[in-house]
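**Q** sequence? don't have it. structure:
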């Protein structure tokens, strides 16, 4: 798949080092499952992690660590795990369905099964609860063709992954598999392009801040 | 000093010999423990993660593909995922194991994914040559497990500066690919 909009290299670095919150990591996982360019970047960053592991001075293990480990591996039946089987399953499922596999756990394998909640005319929302996550949020949005989200900024980082359809704003045009990676400095008005609804997953660190008074009143009730 | 080279790893992939694997454990176990402690873990937690990491290495050693990255980077990603799994109490971590991902594409870019130990050598060289300000940020991210916000707070700089230094480091790091290809 040819993707045209990618995460910021700084976000990919934080993904690789484990410094992103779960909602943002989920979206990057979905993107790199489709994007060879970003897979390449993450591999490069993982090499950085590997080099730092090589260089770090080890800390002495407890006396029983090695014997405990040797006991564990002798009890393991490693033949049950093979990459071939894992990969085959992943490929087969991906050929049949539209959802990238890193999202299955959170939204299932089909959009038809989503229990949408009405948010505003032309906009439906499904909140994805992430256990233990307090600092960031994940929502699935279904937005009708031609619909505009009111002009807004953010109270933190915002990352959007397009599951189906497309949208555009002043930063560019985004279609399936693309990521819009915005910080709180960005003020924009995403508009669904094309004739299909746009379904996207949005990771945020806080609520949107709308430019319009009425949109902010709406926001206080519905929190998007 | 134990030397683990690709021949040694390939030997383990062909035949999982616990005695040979104990050498791998003795080399990487203390390093993973140190990495966890730098990331803020206590000694007991660090050793638990190290144990789980090395157990996964044992289980999945045959899945390691040297054309997709160095052995150290493979171990690093397993350790990172284990730590995140435990800290976030997830039944499965959100990270895609890129060694297990098949890109659903015939995009010729995917041909660029070929990596080997030469790349690891280039990465090491470039990290050492990074300007101190960029190197500190990379080390804080990878060794101390800090988020961009935490790095900004620690260094008393705006988060935008942290991001731009990460981007600058990336520009230099991607030279590794150019040198390699």
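**A** Right, received. Where do you want to start? Predicted model only: the values in this text are computed from it and were never measured. Residues are numbered from 1 along each chain as shown, chains lettered A, B, ... in the order given.

**Q** Check which residues of the helix ranked longest in chain A are buried.
**A** Using DSSP state H, we find that the single longest helix of chain A is helix A:36-55. Residues A:36-54 are the ones in helix A:36-55 that count as buried (16 or more other Cβ atoms under 10 Å in any protein chain shown). The C-beta positions use only the backbone N, C-alpha and C, and glycine is treated the same way.

**Q** so which of those also contact chain B?
**A** Filtering these for neighbours of chain B using Cβ under 8 Å from any Cβ of the partner chain leaves A:36-37, A:39-54.

**Q** Next, count neighbours for residue A:155.
**A** Residue A:155: 12 surrounding residues under other Cβ atoms under 10 Å in any protein chain shown.

**Q** and if you look at the one 10 residues further on?
**A** Neighbours of residue A:165 under the rule other Cβ under 10 Å: 21.

**Q** does it really touch residue A:194, like I thought?
**A** Yes. Residue A:165 lies in contact with residue A:194 (Cβ atoms under 8 Å); the separation is 6.3 Å.

**Q** Phi first, then psi, for the residue lying farthest from the centre of chain A.
**A** Within chain A, the residue lying farthest from the chain centre (Cα atoms, centre = their mean) is residue A:63, at 41.5 Å. Main-chain torsions, residue A:63, degrees, to the nearest 10: phi -60, psi -30.

**Q** what does residue A:122 give?
**A** Backbone torsions of residue A:122, given as degrees, to the nearest 10, read phi 80, psi 0.

**Q** can you tell me how far the nearest residue to it once chain neighbours are set aside sits from residue A:138?
**A** The shortest distance from residue A:122 to any residue other than its chain neighbours is 3.5 Å, reached at residue A:144 (Cβ to Cβ, 6 or more residues apart in numbering or on different chains). Distance, residue A:144 to residue A:138, using Cβ to Cβ, to the nearest Å: 21 Å.

**Q** More neighbours: the two, which one.
**A** Using other Cβ under 10 Å as the criterion, residue A:144 and residue A:138 rank with residue A:138 on top: 23 against 14.

**Q** helix/strand/coil for that one?
**A** strand (DSSP: H, G, I helix; E, B strand; the rest coil).

**Q** isn't it right up against residue A:125?
**A** No. Judged on Cβ under 8 Å, residue A:138 makes no contact with residue A:125 at a distance of 11.2 Å.

**Q** where does chain A dip in pLDDT?
**A** By pLDDT under 70, the low-scoring segments of chain A are A:1, A:77-97, A:211-224.

**Q** the strands in it, which residues?
**A** Applying DSSP state E to chain A gives strands spanning A:117-120, A:123-128, A:137-143, A:152-154, A:158-164, A:166-169, A:172-175, A:179-182, A:191-193, A:198-204, A:208-210.

**Q** list the helices and strands the second one packs on?
**A** Secondary-structure packing of strand A:123-128 (3 or more Cβ pairs under 8 Å, 6 or more residues apart in numbering or on different chains; DSSP states H and E): helix A:104-107, strand A:117-120, strand A:137-143.

**Q** if you compare these, which one is most tucked away?
**A** Burial of the helices and strands packed on strand A:123-128 is given as mean neighbour count (mean count of other Cβ atoms under 10 Å in any protein chain shown); strand A:137-143 ranks first at a mean of 21.

**Q** Need the residues that contact that one.
**A** Strand A:137-143 is contacted from outside by A:22-23, A:26, A:106-107, A:114, A:116, A:119, A:122-128, A:130, A:149, A:163, A:165, A:167, A:192, A:197-205, A:224, using Cβ atoms under 8 Å, 6 or more residues apart in numbering or on different chains.

**Q** who touches the residue nearest in space to the middle of chain A in this structure?
**A** Centroid-nearest residue in chain A, with Cα atoms, centre = their mean: residue A:27, separated by 0.9 Å. Residue A:27 makes contact with A:159-161, A:179, A:201, A:203, according to Cβ under 8 Å, 6+ apart.

**Q** let's go with 10 Å and repeat that
**A** A:7, A:11, A:15, A:20, A:100, A:102-103, A:138, A:159-161, A:179-181, A:200-203, B:94 (Cβ atoms under 10 Å, 6 or more residues apart in numbering or on different chains).

**Q** Then residue B:31?
**A** By Cβ under 10 Å, 6+ apart, the neighbours of residue B:31 are A:52-59, B:50, B:72, B:75-76, B:79.
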